[in-house]
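Undergrad: the following comprises the amino acid sequence and a computationally predicted model.
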Amino acid sequence: MGYLVIDLGSTNIKAASFNDALIPQQWASRPVEYIRDKDRVEFNADSYVDVIYELLKEITGRDTSEKFSPDQIVLTGQAESLVVLNEKMNPLINAVSWMDERSVDECEHLNNIIDSDEYYKRTGQLAILPTWSATKILWLKKNNPDLFSKAAHYVLLKDYIAYRLTGELAADCSIATFSSYFDIRKKEYWGEMLEACGIDPGQLPNLVEPCTSLGRITRDTAMKTGLPKDVRVNIGTLDHFAGMIGTGNVREGIVTLSIGTVMALATIARQPLTDSRKLAVHYGFIKDTYVYLPVAESGGFCLEWFKNNFMSQYSFQEIDTLASRRDYPNEIIFLPYIKGSNAPDFDPDASGMFYGLQGRHDAIDLARSVMEGMGHLLTKNIQGITANSLNIDRIIATGGGAKSDYLCRVLADVTNTPIEVPKESEATCLGAAIIGAVDDGLYNSFENAVEEVIQKNRRFNPNHTHTMKKNRQKFNALYDAALRMERSEE
């Protein structure tokens, strides 16, 4: 028994094999080839499938110490990329990537006819964006009516891959939640949005719960990959959600924090939000759960910006070492809004600020204040989550920033929350393999599986001092004062 994982990435398509102990065996990947023209980003869906066949054949054909006999293929990956099919289930056009921006005008049109509060209540989304497949279907209706009339099915990429592997057309709810026409509470397609975009419900796949086994691979898939015909395909879930599983975030009370250029949080909830516009909410990977996904663009980008402009001669590791030698906490307050503010304040005009500078301070002090500023921003987002009747008892950090002991310690201290760093860096593929193992009954739940499988590499317990608490108060006061100044200038 074993598991094959396919990660339908935007940059690379990955495949990995795991044995029944969920230990990775083989890896293979290929870059995605795009067709770009101004605001358009497309790719050939059938070529994408061919790459998947090649990766599966490559992995299963390699010599290993033990004969690998996969029980399941588990899918994960991107959500919004759109594939338009004719009646024979063949693509009519190139797949339209989620990165494609052609439907800006359609977003404006939909924003004018769809009530924003109702939109949030139905979809959990904060805004109608060109990212969502609904807007691209409306673009097709307006700009290519002949092709629009020939469209028999609108599917997202993972739906299409599952169909090609099994012959079964289905959409898992954790992916459908990124379409703009899925009602996250009723778990059905939203009629008002379908009508606004000219979509017939019969053109969309049947909805299934995430992590559902669809059935065995087709004869064609077996022939092209060399896999046995009894291998089953699990529809899996979104890559971000598989990553939550792969880090051990499978219950309420845990935040997965991705510290890259963007600082993204994810936490599980039993109820969607209906009276708040501060958090993006998606249908979760466990039946009848939801995932809150606040994103702060002014997160890790701030540290990259500071290093590149003021300490370019140092590596991040050298900055960490130098910062750790200074007294702690810092005296300087940094507002990390150099790209405006999204979650939780949503103020595009917000700007960054250093406060408390004196002659004795140098670049190292400023670097420390940038990291603490990231911690204060993280705290505001966690407070936004806990304001909705959720208690957070730990943070699981991933991404490039999680490699820094100093940054992790700062974030733990500022937020007053323990931070853990998992040992496995390829959390998405591991999470997908866990989905297969739970579906097979090797574990009776995700919680049981992660207790057995997930190993933590480091843990940082908080030391939330009185000075740190005062710094948070200063941070909030400075933000409020800056906001008042912005409004007085309007």
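TA: Received, thanks. Keep in mind that this is a model prediction, so the values were computed, not measured.
Undergrad: low-confidence stretches in the stretch 301-450 of the chain?
TA: 328 (pLDDT under 70).
Undergrad: quick one: mean pLDDT over the helix or strand harbouring K474.
TA: According to DSSP states H and E, K474 maps onto helix 466-489. Averaging pLDDT along helix 466-489 gives 86.
Undergrad: measure F148 to K136 for me?
TA: Distance from F148 to K136, counting by CB to CB, to the nearest Å: 11 Å. C-beta: built from backbone N, CA, C; applies to glycine.
Undergrad: my guess is T267 contacts L257, does it?
TA: No: counting by CB atoms under 8 Å, T267 does not reach L257; the two are 9.7 Å apart.
Undergrad: residues in contact with G340?
TA: E297, S298, D347, P348, D349, A350, S351 (CB atoms under 8 Å, 6 or more residues apart in numbering).
Undergrad: any of the residues you listed buried? List them.
TA: The neighbour count (16 or more other CB atoms under 10 Å) marks E297, S298, A350 as buried among the contacts of G340.
Undergrad: and F148 and K136? Which one has more around it.
TA: K136 (25 against 17; other CB atoms under 10 Å).
Undergrad: so what's the residue count around the residue lying closest to S103 once chain neighbours are set aside?
TA: Among residues not flanking S103 along the chain, T135 sits closest, at 3.8 Å (CB to CB, 6 or more residues apart in numbering). T135: 27 surrounding residues under other CB under 10 Å.
Undergrad: would you mark the buried spots in the helix or strand containing T135?
TA: T135 belongs to helix 133-143 when assigned by DSSP H and E. In terms of neighbour count (16+ other CB under 10 Å), helix 133-143 has its buried residues at S133, A134, T135, K136, I137, L138, W139, L140, K141.
Undergrad: between these, which is nearest H361?
TA: T135 (47.6 Å; CB to CB).
Undergrad: quick check: the gap between that closest one and Y181.
TA: Distance from T135 to Y181, by CB to CB: 10 Å.
Undergrad: one more: D345?
TA: Taking CB to CB, one finds D345 at 29 Å from Y181.
Undergrad: looking at those two, which one has more neighbours?
TA: More crowded of D345 and Y181, by other CB under 10 Å: Y181, with 24 against 18.
Undergrad: show me what Q72 is bridged to.
TA: Q72 has these beta-bridge partners by DSSP bridges: Y3, R232.
Undergrad: ok, now A16?
TA: Going by DSSP bridges, A16 forms beta bridges with V5, W27.
Undergrad: and it, how far from I59?
TA: 8 Å.
Undergrad: which neighbours do those two have in common?
TA: The contact sets of A16 and I59 overlap at L4, Q26, W27, A28 (CB under 8 Å, 6+ apart).
Undergrad: any idea which of those is closest to E118?
TA: Looking across these and measuring by CB to CB, the closest to E118 is L4, at 41.5 Å.
Undergrad: just checking, that closest one touches P70?
TA: Yes: taking contacts as CB under 8 Å, L4 lies within contact range of P70: 4.7 Å.
Undergrad: quick one: which of these two has more around it?
TA: The neighbour count for L4 versus P70, taken as other CB under 10 Å, is higher for L4 (28 against 23).
Undergrad: ok, F241 - contacts?
TA: F241 sits next to T76, S174, P210, A266, G284, F285, V291, G431 when contact means CB under 8 Å, 6+ apart.
Undergrad: and the pLDDT at it?
TA: Note for F241: predicted pLDDT of 95.
Undergrad: quickly find the element holding it.
TA: Short version, using DSSP H and E: F241 is in helix 239-247.
Undergrad: CA atoms only: put that helix into CSV for me.
TA: Output in CSV follows, covering the C-alpha atoms of helix 239-247 (Å, rounded to 0.1, in the frame of the first residue of the first chain):
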residue,chain,number,x,y,z
ASP,A,239,-3.1,23.0,-1.7
HIS,A,240,-3.3,25.5,1.1
PHE,A,241,-5.6,23.2,3.0
ALA,A,242,-3.5,20.2,2.4
GLY,A,243,-0.6,22.2,3.8
MET,A,244,-2.7,22.8,6.9
ILE,A,245,-3.1,19.0,7.3
GLY,A,246,0.6,18.5,6.6
THR,A,247,1.6,20.9,9.5
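Undergrad: now do it: distance to the chain's middle.
TA: Averaging C-alpha positions (CA atoms, centre = their mean, to the nearest Å) puts helix 239-247 8 Å from its chain's average.
Undergrad: same question for stretch 7-26.
TA: Remark: stretch 7-26 is offset 17 Å from the chain centroid, using CA atoms, centre = their mean.
Undergrad: give the buried residues for that stretch.
TA: Here stretch 7-26 shows 7-10, 13-19, 22, 24-26 as buried, counting by 16+ other CB under 10 Å.
Undergrad: ok, these vs G441, which is closest?
TA: L22 (14.0 Å).
Undergrad: who's in contact with L207?
TA: Per CB under 8 Å, 6+ apart, neighbours of L207: A170, A171, D172, C173, A176, F182, K187, E188, Y189.
Undergrad: among the residues you listed, which ones are in helices?
TA: C173, A176 (DSSP state H).
Undergrad: the contacts of L207, buried ones only, as a ChimeraX selection?
TA: Buried residues within the contacts of L207, by 16+ other CB under 10 Å, are selected in ChimeraX with:
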select :170,171,172,173,176,182,189
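Undergrad: how close does the closest residue to P201 other than its chain neighbours get to L129?
TA: Counting by CB to CB, 6+ apart, P201 lies nearest to Y189, which is 5.6 Å off, once chain neighbours are set aside. Per CB to CB, Y189 is found 19 Å from L129.
Undergrad: kindly report the same for E80.
TA: From E80 to L129 the distance is 9 Å (CB to CB).
Undergrad: ditto for L378
TA: For L378 relative to L129 (CB to CB), the value is 24 Å.
Undergrad: which one's more surrounded, these two?
TA: Neighbour count, other CB under 10 Å: between L378 and L129, L378 has more, with 26 against 16.
Undergrad: tell me which residues are up against whichever strand or helix holds A412.
TA: Per DSSP H and E: A412 is located in helix 405-415. For helix 405-415, the external contacting residues (CB under 8 Å, 6+ apart) are 257, 259, 303, 320-321, 323-324, 329, 368, 371-372, 374-376, 378-379, 382, 395, 397, 401-402, 418-419, 421, 458, 460-465, 468, 471-472.
Undergrad: restricted to buried residues, select these in ChimeraX.
TA: Of the contacts of helix 405-415, the buried ones go into a single ChimeraX selection, burial set by 16+ other CB under 10 Å:
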select :257,259,303,320,323,329,368,371,372,374,375,376,378,379,382,395,397,401,402,419,421,460,462,468,471,472
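Undergrad: next, count neighbours for G246.
TA: For G246, the neighbour count with other CB under 10 Å is 31.
Undergrad: give the contact list for it.
TA: G246 neighbours (CB under 8 Å, 6+ apart): P422, E424, E426, A427, T428, C429, L430, G431, A432, I434, I454.
Undergrad: next up, the contacts around the fourth one.
TA: By CB under 8 Å, 6+ apart, the residues touching A427 are A242, G243, I245, G246, T247, T398.
Undergrad: quick one on the thing from earlier: would you mark the buried spots in the helix holding F241?
TA: D239, H240, F241, A242, G243, M244, I245, G246, T247.
Undergrad: in the sheet, who's paired with the residue nearest to A296 when sequence neighbours are not counted?
TA: If the residues on either side of it in the chain are set aside, A296 comes closest to M263, at 4.4 Å by CB to CB, 6+ apart. Beta bridges link M263 to I259, A296 when assigned by DSSP bridges.
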